[in-house]
Every structure is written in structure tokens, then in C-alpha cells.
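A.B. asks: Kindly return the folded structure for what I paste below:
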Amino acid sequence: PLAFRDGEVEVLKHLNWTLRAIPALHVVGYYLSKGAVFVDDTWQGRDLIEKIPRYVKKYADFFCNLTMQEYSFQKYLPSQLAAAILMASREALSVAPRWRPEMTALTGYEESEITPIFDHVWKYYAEQFPDRQDPRSISPRGVNQAV
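C.D. replies: This next block holds a predicted model:
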């Protein structure tokens, strides 16, 4: 009989030695540490208020936790899912634009590459919380209730 270690090696071979060790949550943390809100962004059509970066983080944490609970998000690279989560967080807060050239430079992904993953995140959110109003209509005071 195979030893436990031998069994692990067999599983790794079957998976082509690919394991996902870094969750999107950690990548989101890295992206946020580099900056995901910019001086010339707008919030609900107005200038940003100083609390917006903190609320982007709260939404990002919420979307990370939500997507970690659903297996269908495992098909994305953690960096792709993290970028889509940033887009969803900005969208939920009505931060415009929802994607910027600086974010492409930070993540390495164009908006067009991330949009299908964002759509998946957004659809899953809507399915899980069908009675909730559109998060884009919630003021930043309401973020704590969503998280």
C-alpha cells in the first residue's frame, strides 16, 4: 500500500503539480497597499471624500469572503479574481471610472480581461443577496451593514 506521502505525490502529479496557495484576498491586500483609489476619481459624481479608500477595502474584503465560499471562482487566477474584486468594490461604491490605466499597470490586466470575471462576481452577489438593494445605491455609511 502507498504511504500517505506517496498518495500526495500521486495527487500532485494528477493536478500537474499546480496548487493554488495564494487566495485572492492576499492579492487584493497587495493591490490595496499600492493604491486602488486615485485623486481624480469621483464618488457618485462628486469629489472623493477621505473615507472612500477605507470603504473600498471593506467592500473588497466582503467580495473576497463571498467568492471564497463558491467553488466556481476557483477557475480564475488569484490575481484576476482580485482585480475583478477591486472593480466590483469601486462599482459598488459608484467610484468612477471603475477601471483606470493605473489599475492596469498595477494588476497587469486590461479592463476587457477583467470584465467577464467582474460580471461573474456581480451576478453571484445578486444571487446570494436577492433582497438587498443594488449596492451602488448605498452611501458609504451603509457599507458596514453590507459587510
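
A.B. asks: which SSE is the spatially closest residue to Q128 that is not a sequence neighbour in?
C.D. replies: Closest residue to Q128 apart from its sequence neighbours, by C-beta to C-beta, 6 or more residues apart in numbering: L66 at 6.7 Å. No exception for glycine: its C-beta is placed from N, CA and C like everyone else's. Mapping L66 onto the secondary structure by DSSP states H and E places it in helix 52-68.

A.B. asks: Could you list the buried residues of that helix?
C.D. replies: Of the residues in helix 52-68, those scored as buried under the neighbour-count criterion (16 or more other C-beta atoms under 10 Å) are 52-53, 55-64, 66-67.

A.B. asks: Please tabulate the residues you listed in a markdown table and include distance to Y125 and pLDDT as additional columns.
C.D. replies: Formatted as a markdown table, the buried residues of helix 52-68 follow (distance: C-beta to C-beta, whole Å; pLDDT from 0 to 100):
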| residue | distance to Y125 | pLDDT |
| --- | --- | --- |
| I52 | 20 | 94 |
| P53 | 21 | 94 |
| Y55 | 16 | 95 |
| V56 | 16 | 96 |
| K57 | 17 | 96 |
| K58 | 14 | 96 |
| Y59 | 10 | 96 |
| A60 | 13 | 97 |
| D61 | 14 | 97 |
| F62 | 9 | 96 |
| F63 | 7 | 97 |
| C64 | 12 | 96 |
| L66 | 6 | 96 |
| T67 | 9 | 96 |
